[in-house]
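> show me how the following folds:
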Amino acid sequence: MTFKQKRVKKVQKRYRDRKARIVEELWFDMSFKIDDSAVQHQIQMLGWRVYVTNKNPNEFGLKQAVRAYRDEYLMERGFARLKNFPLSLTPIYLQREDHITGLIRLLSIGLRVLNLLEFQVRHNLEKEKEKLAGLYVGNPKRETTRPSAEIILAAFKEITLLLIEVKNEIYAHLTALSPLQKRILALLGFSISIYTQLDGQSFTPE
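Down below sits the predicted model:
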């Protein structure tokens with residue numbers, strides 16, 4: 001690449017209160033030539049990624065190494081969950097230091113629950129070689145083996161609890177579970193009874 005600099009002086013005419021003056025303009029001229037060998041070398045390197053492992057090649061092949069890399073736990077994802085939906089950590093609005101500490105500890109427990117929920121569902125889907133459909137609004141046929149905790153919980157957002165008081169007794173009524181919701185509970189290792197046992201119960205208010 002060659003580089004040339006050119007200076008040009010021009011007379012700027014007088015305008016109202018501004019006197020006539022000489023203005024210097026600076027121009028740059030560059031010319032270049034493509035290095036074909038360097039371009040070809042760079043093209044050959046495109047798409048390559050190096051994976052390193054201390055596992056025995058007979059036990060851990062390239063496919064397993066790539067999959068392990070893509071499935072690795074990312075600490076940054078946990079921080080993103082703390083700062084955004086659904087945990088939304090905003091201690092700046094708290095005044096007392098002990099309140100800030102308590103909020104962070106509480107939401108940290110929530111983060112662990114999200115991670116455990118997500119791991120459990122993904123692990124059982126992989127174990128049973130199954131894909132889960134119906135999680136994505138607008139595309140009910142879309143299947144996935146790696147649903148996020150947020151989208152799993154969103155499948156339960158339409159559940160409604162009704163409390164009806166009759167003759168000084170309160171009766172509870174819950175929305176019936178959909179097949180998708182029942183499947184998620186099964187993947188989590190929960191019995192459906194933890195949900196259905198609440199429906200139809202009555203108790204006397206204190």
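> where exactly do the strands run in this protein?
Along the chain, counting by DSSP state E, strands occupy 2-12, 21-31, 132-133, 143-144, 161-166, 169-174, 202-203.
> would you mark the buried spots in the fifth one?
Going back to what we said before, that points to strand 161-166. Within strand 161-166, no residue is scored as buried using 16 or more other CB atoms under 10 Å. Placement of C-beta: from N, CA and C, glycine included.
> now find how far off-centre it is within its chain.
Put simply, strand 161-166 sits 38 Å off its chain's centre (CA atoms, centre = their mean, to the nearest Å).
> could you list the alpha-carbon positions for that strand in PDB?
Extracted C-alpha coordinates of strand 161-166, given in PDB (Å, rounded to 0.1, in the frame of the first residue of the first chain):
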ATOM      1  CA  LEU A 161     -56.600 -20.600  41.400                       C
ATOM      2  CA  LEU A 162     -60.200 -19.800  42.500                       C
ATOM      3  CA  LEU A 163     -61.200 -19.500  46.100                       C
ATOM      4  CA  ILE A 164     -65.000 -19.700  46.700                       C
ATOM      5  CA  GLU A 165     -66.500 -19.100  50.100                       C
ATOM      6  CA  VAL A 166     -69.700 -21.000  50.800                       C
END
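> re earlier: which of the strands of the chain has the lowest mean pLDDT?
Of all the strands of the chain, strand 202-203 carries the lowest average pLDDT, namely a mean of 54.
> any idea how far residue 159 is from residue 173?
According to CB to CB, to the nearest Å, residue 173 stands 11 Å off from residue 159.
> equivalent analysis for residue 119, please.
Computed as CB to CB, the residue 119 to residue 159 distance reads 23 Å.
> coming back round to it: nearest to residue 52, of the strands of the chain?
Residue 52 sits nearest to strand 143-144 of all the strands of the chain, at 29.6 Å, using CB to CB.
> quick one, helices of this protein?
Using DSSP state H, the helices found in the chain span residues 36-45, 62-70, 75-83, 97-127, 149-154, 179-187, 193-196.
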